[in-house]
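**Student:** Any chance you could fold what I've pasted below:
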Amino acid sequence: MEQVDISAWPRERLGKGASGRLRREGFVPAVLYGPGVEKNLNLKLKATEVEKALHEHSSGNMLVRLNIEGNEKNENRTVLLKHIERHPVRDTLLHIDLVNVLMDRTVSAEVPLHILGKAVGVVHGGILQQELRSIKVECLPDSLPERIDVDVTDLDIGHSIHVKDLGLPEGVKAKEDGEHTVVLIAAPTEAAEAAPAEEAEAEPAESPKGEQAGEGVE
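**Tutor:** Alright, predicted model coming up:
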């Protein structure tokens, strides 16, 4: 997997106010943890660098060479973007969790599934239903795929592809149940043409001693 370079600096001041100032200055607060990190590192990253990397690797699965500057000596680490928090309205970066990785240790990550081709069952009128959009895999960091392609071209009506059927790259192991359905071609549903029901007008019930029945009950 291709690695991306992103610069980082120690974050000395913490808290909501300090984080807000960082964002206004073009940075995004981050925290680094994981194997090989004795104590969580509070960092700041350039928002433009992160956005550029995410644009080029839309799945978010990328190895990042994190160049931490400003310490007694510059420090380089290989990390994965674990969690990216964005503003619910403006979609700007709010916070990032970074996980330190060791190249000789396996990592777990969610990998998106990408549908390829037009299923023969769809040509025959069936409906493609994608049950899983991503799967969790385990592998060495440099074997982590950005996405997994699922070719549905030969899939006919009533047929399906399961996790166990996916052609995973060498060294990549699915952590999902192999029997989970990824995609299936369902038969078309025939809409029943129901005629409008004619409501019979109910005759008002006769009240004893000639009283009229009320329209409703309090």
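
**Student:** Tell me where this structure has strands.
**Tutor:** Taking DSSP state E to define them, one finds strands in the chain at 3-10, 27-33, 41-46, 63-68, 75-86, 93-100, 107-116, 127-130, 134-139, 148-151, 160-162, 173-174, 181-186.

**Student:** With just CA atoms, put the last one into CSV.
**Tutor:** In this case it means strand 181-186. Taking Å, rounded to 0.1, in the frame of the first residue of the first chain, the C-alpha atoms of strand 181-186 are listed here in CSV:
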residue,chain,number,x,y,z
THR,A,181,-24.2,-12.2,2.2
VAL,A,182,-22.4,-9.4,0.4
VAL,A,183,-24.7,-9.0,-2.6
LEU,A,184,-27.7,-10.8,-4.2
ILE,A,185,-30.0,-10.5,-7.2
ALA,A,186,-33.6,-10.6,-6.0
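
**Student:** Could you tell me which other helices and strands that strand packs against?
**Tutor:** strand 127-130, strand 160-162 (3 or more CB pairs under 8 Å, 6 or more residues apart in numbering; DSSP states H and E). For every residue, glycine as well, the C-beta is placed using N, CA and C.

**Student:** the domain parsing of this protein - what is it?
**Tutor:** 3-104, 108-186 (automatic domain parsing).

**Student:** which stretch in those is the model least sure about?
**Tutor:** For the domains of the chain, mean pLDDT drops lowest on domain 3-104, to a mean of 87.
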